[in-house]
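>>> Model the structure of this input:
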Amino acid sequence: MEKHYEELKSIIKIYLPEDVSVDDITPKSHLVNELNINSANLVDVVLDIEEHYDITIEDDEMDKLDTVESAITLIKQKTA
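So this is what the prediction gives:
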């Protein structure tokens, strides 16, 4: 999980608003409610994840990506 966690943090940090620090990102962090990533940027996060890991995330899967941990779980499933 550590490798995916660090990679995901580097993807997410680009889209954090100014009032949220990269240090605030934990596996349990909720992307919208805690990290304040807006819906447009959330789409960009998903696109960056797809490009970085060469995977496709379907719309129904995207709906389940609410925390950093859920994103890591999906990445692991798609890259296994």
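>>> Tell me, please, the helix or strand in the chain that averages the lowest pLDDT.
Here the helix or strand of the chain ranked lowest by mean pLDDT, DSSP states H and E is helix 59-62, holding a mean of 92.
>>> Pull out the buried residues from that one.
Within helix 59-62, the residues scored as buried using 16 or more other CB atoms under 10 Å are Met62. No exception for glycine: its C-beta is placed from N, CA and C like everyone else's.
>>> next helix or strand past it?
Downstream of helix 59-62, the first helix or strand assigned by DSSP states H and E is helix 68-79.
>>> related to what we said a few turns ago, if we look at the least confident helix or strand of the chain, which residues are touching it?
46, 74 (CB atoms under 8 Å, 6 or more residues apart in numbering).
>>> repeat that for 6 Å
Val46 (CB atoms under 6 Å, 6 or more residues apart in numbering).
>>> chain center to it: distance?
Centroid separation between helix 59-62 and its chain, computed with CA atoms, centre = their mean, to the nearest Å, is 13 Å.
>>> ditto for stretch 56-75
In terms of CA atoms, centre = their mean, the centre of stretch 56-75 is found 8 Å from the chain centre.
>>> what's the average pLDDT for the longest helix belonging to the chain?
The residue-count maximum for a helix in the chain (DSSP state H) belongs to helix 39-53. For helix 39-53, mean pLDDT is 96.
>>> That helix: how far from the chain's middle?
7 Å.
>>> Identify the residues contacting it?
11, 15, 57, 62, 75, 79.
>>> which of these has the weakest pLDDT?
Lowest pLDDT of these: Met62, 90.
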